Every structure is written in C-alpha cells, then in structure tokens.
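Novice: Mind looking at a prediction? Sequence and model below.
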Amino acid sequence: MLAIVAAIVFALALLFDLADVSSDAINNGTLTVLGLLLIALHFAGVGTSTKWRPRRSSRRR
C-alpha cells in the first residue's frame, strides 16, 4: 500500500516539476523526500496486512 502512495507522490512531484508549480511548504524536494520515506517504510514492512509466521514442517504419512 505504501509503495502505491509513494508512486502517487512521485507522480505529483513530476507534474509539479513539469508545470513549474512551487510553494513555500511543498516543493519538488519535499515530495521526493516523502516518496523516498514511503518506499523505505514499505521495504521495512510497515503497513503490510499479513503477519509473518514460520513454516512448520509437516510430514504426510
């Protein structure tokens, strides 16, 4: 989920860069850093809905 949000943030940063839109609070650098933060959180496993469970070795008889 966070990777999708990061992709949207990067797309907004690209659109703002192409349209030369900037403000004091939000600029291209801010959106890029936010996107990288979301990607890092995604890689760290934050926001995932599945929980990690170790596999049990089951033998069929």
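Specialist: That came in fine, so what should we check first?
Novice: Near the spatially closest residue to Ala3 that is not a sequence neighbour, how many other residues are there?
Specialist: Here the nearest residue to Ala3 in space, its sequence neighbours aside, is His42; by CB to CB, 6 or more residues apart in numbering that works out to 4.6 Å. C-beta: built from backbone N, CA, C; applies to glycine. Using other CB atoms under 10 Å, His42 has 17 other residues around it.
Novice: So His42 versus Ala13, what's the distance?
Specialist: Here the distance between His42 and Ala13 works out to 17 Å (CB to CB, to the nearest Å).
Novice: just Val21 next, same as before
Specialist: Computed as CB to CB, the Val21 to Ala13 distance reads 10 Å.
Novice: the more surrounded of those two?
Specialist: For Val21 versus Ala13, the count of surrounding residues by other CB under 10 Å is larger for Ala13: 20 against 12.
Novice: OK, contacts around the more buried one?
Specialist: With contacts defined as CB atoms under 8 Å, 6 or more residues apart in numbering, Ala13 is in contact with 28, 31-32, 35.
Novice: Show the buried residues in the residues you listed.
Specialist: Among the contacts of Ala13, those buried by neighbour count (16 or more other CB atoms under 10 Å) are 28, 31, 35.
Novice: Among those residues, which one sits closest to Ile8?
Specialist: When those are compared for distance to Ile8 (CB to CB), Gly35 comes out closest, at 8.7 Å.
Novice: how deep is the residue nearest to that closest one when sequence neighbours are not counted tucked in, by neighbour count?
Specialist: Counting by CB to CB, 6+ apart, Gly35 lies nearest to Val9, which is 4.2 Å off, once chain neighbours are set aside. When neighbours are counted by other CB under 10 Å, Val9 registers 20.
Novice: pLDDT at Leu34, what is it?
Specialist: For Leu34, the model assigns a pLDDT of 91.
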